[in-house]
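A.B. asks: Give me coordinates for this.
(one chain, ligands or ions: 1)
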Amino acid sequence: MTRIAVTGAAGRMGGRIITLITETEGLSVTGAVEMAGHPRLGEDAGYIAGCGDLGVAITDSLEEALADSDVLIDFTWPEVTIANAVVCEKLGKGLVVGTTGLKGEQRGIIEAVAKTIPVVFAPNMSVGVNVCFKLLKDIAQTLGDGFDVEIVELHHNKKKDSPSGTAVRMGEIVADALDRDYDQVANYHREGMCGERTSEEIGMQTVRGGDIVGEHTVYFIGMGERIELTHRAMSRDMFARGAIRAAGWLGDKPAGLYDMQDVLGLN
Ligand code: NAD
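C.D. replies: Modelled structure (predicted):
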């Protein structure tokens, strides 16, 4: 049985992670943490998540939540994640980090902590997206330079950043596989008399509207044929499921920095 503590327990991801852990054999929720002063402190984490009482009260003490836990799943905010990583290192607990937006120095702290404890760190925990990452590398390497690559991503109308981090990662993977520098070949904008497409460039287009959870298509367009690799997200649960899979995988892994490719055995 892997015992899991969850930070951001009253957050969007934290709530789904808690619920889905209760549906997963071999895993249990043994700690739930929210920020000091949060109105849900002291309430049952399962009740707040909507899956029924678990007998685990939400606390603002990570040390307390980790006392009977093996692994922490953290989907919070960068500065919180960094502080939590240091606590996990001190207590010798495994860590799954889903928080995005960590700056270089903050990533450095995660790397340093991973010298002492096992850490899974992935800005996109979806199993399907990570399988797509692997497929993209294989497709690009096999096709070589003869196919034009275009990436189109769709998200809801509240998304603030464009293109999505996942679309950029897809572009980087294809560029690497084709021995190109992504920053040099990414083309985010075409308008007016911008000239013919170069064979090297990777086009990057975004669509925003409604409640689309997230959709990414990578086109490999050749002469007389075309491959389209599409991933469609139906709900945010795919991220929670990936994080839970990572926590179960972490088990007794040695200290080190891992990503979802490691968890899925794709590296
Ligand atoms: P959210 O704002 O709903 O939840 C964050 C929670 O963290 C809040 O409830 C907040 O009160 C809590 N929190 C703040 N300080 C805390 C502390 N000191 N201790 C414990 N909890 C604390 O946000 P969200 O939508 O759940 O997303 C959280 C993070 O996960 C974001 O960085 C988001 O980009 C990322 N995310 C990653 C993936 C992935 O696949 N890696 C997928 C979805 C979201």
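
A.B. asks: Off-centre distance for stretch 228-238?
C.D. replies: Relative to its chain's centre, stretch 228-238 lies at 13 Å (C-alpha atoms, centre = their mean, to the nearest Å).

A.B. asks: Stretch 136-153 now?
C.D. replies: Relative to its chain's centre, stretch 136-153 lies at 23 Å (C-alpha atoms, centre = their mean).

A.B. asks: for the record, mean pLDDT for that stretch?
C.D. replies: Mean pLDDT, stretch 136-153: 97.

A.B. asks: right, and residue 228 touches residue 216 too?
C.D. replies: No - contact criterion C-beta atoms under 8 Å: residue 228 and residue 216 do not qualify, at 10.8 Å. C-beta coordinates here come from the backbone N, C-alpha and C atoms, glycine included.

A.B. asks: more neighbours, those two?
C.D. replies: A direct count of neighbours by other C-beta atoms under 10 Å for residue 228 and residue 216 places residue 216 higher, at 24 against 11.

A.B. asks: buried stuff in stretch 134-147?
C.D. replies: For stretch 134-147, the neighbour count (16 or more other C-beta atoms under 10 Å) marks 136-137, 139-140, 143, 147 as buried.

A.B. asks: again, but for stretch 101-112
C.D. replies: For stretch 101-112, the neighbour count (16+ other C-beta under 10 Å) marks 102, 106, 109-110 as buried.

A.B. asks: What does the pLDDT read for the closest residue to residue 181 other than its chain neighbours?
C.D. replies: Nearest residue to residue 181, sequence neighbours excluded (C-beta to C-beta, 6 or more residues apart in numbering): residue 175, at 6.7 Å. Listed pLDDT for residue 175 reads 98.

A.B. asks: tally of neighbours for the residue in the chain that the ligand sits nearest to?
C.D. replies: Residue nearest to the ligand within the chain: residue 11 (2.2 Å; C-beta to the nearest ligand atom). Residue 11 sits with 17 neighbouring residues when counted by other C-beta under 10 Å.

A.B. asks: residues touching it, list them.
C.D. replies: Residues near residue 11 by C-beta atoms under 8 Å, 6 or more residues apart in numbering: 75-76.

A.B. asks: 10 Å instead, please
C.D. replies: Shown in contact with residue 11 (C-beta atoms under 10 Å, 6 or more residues apart in numbering): 17, 34-35, 38, 75-77.

A.B. asks: Any chance of a markdown table for those residues, columns pLDDT and secondary structure?
C.D. replies: A markdown table is the format used below for the contacts of residue 11 (pLDDT from 0 to 100; DSSP: H, G, I helix; E, B strand; the rest coil):
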| residue | pLDDT | secondary structure |
| --- | --- | --- |
| 17 | 98 | helix |
| 34 | 98 | coil |
| 35 | 98 | coil |
| 38 | 98 | coil |
| 75 | 96 | coil |
| 76 | 95 | coil |
| 77 | 93 | coil |
